[in-house]
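[1] let me see the structure of the following:
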Amino acid sequence: MISFFKQYFTKEINVGIFQSIMLILFLLVFFLILFFVFSKPKKYYEKISSIPLELEEEKKRKNYEI
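    Sure, this is the predicted structure:
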């Protein structure tokens, strides 16, 4: 598979343009993800982070009830 791309891109004249476009797209997606993560309030992540602990406590309670 890599040999196909290598063979194709060695014959291509404007390979630099493709690389530049891919770099710009990667950076755009990366910064959008960072913006999404940092735009959420801290309480959102505190609530999400406690879910596994709550599930574990529920399992323990069920084991004791049996």
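[2] so what's the gap between the longest helix along the chain and the chain middle?
    In terms of residue count, the longest helix belonging to the chain (DSSP state H) is helix 15-39. Relative to its parent chain, helix 15-39 has a centroid offset of 12 Å by Cα atoms, centre = their mean, to the nearest Å.
[3] do the same with stretch 6-18
    Going by Cα atoms, centre = their mean, where stretch 6-18 is centred and where its chain is centred differ by 28 Å.
[4] change the start of the numbering to 743 and stick with it
    Fine by me, first position is 743 from now on; the one you just mentioned is stretch 748-760.
[5] pLDDT (mean, whole number) over it?
    In this model, stretch 748-760 has a mean pLDDT of 73.
[6] what's the burial count for residue 757?
    12 (other Cβ atoms under 10 Å). Where you see a C-beta, it was placed from the backbone N, CA and C, and this is true even at glycine.
[7] swap that for residue 759, sorry
    10.
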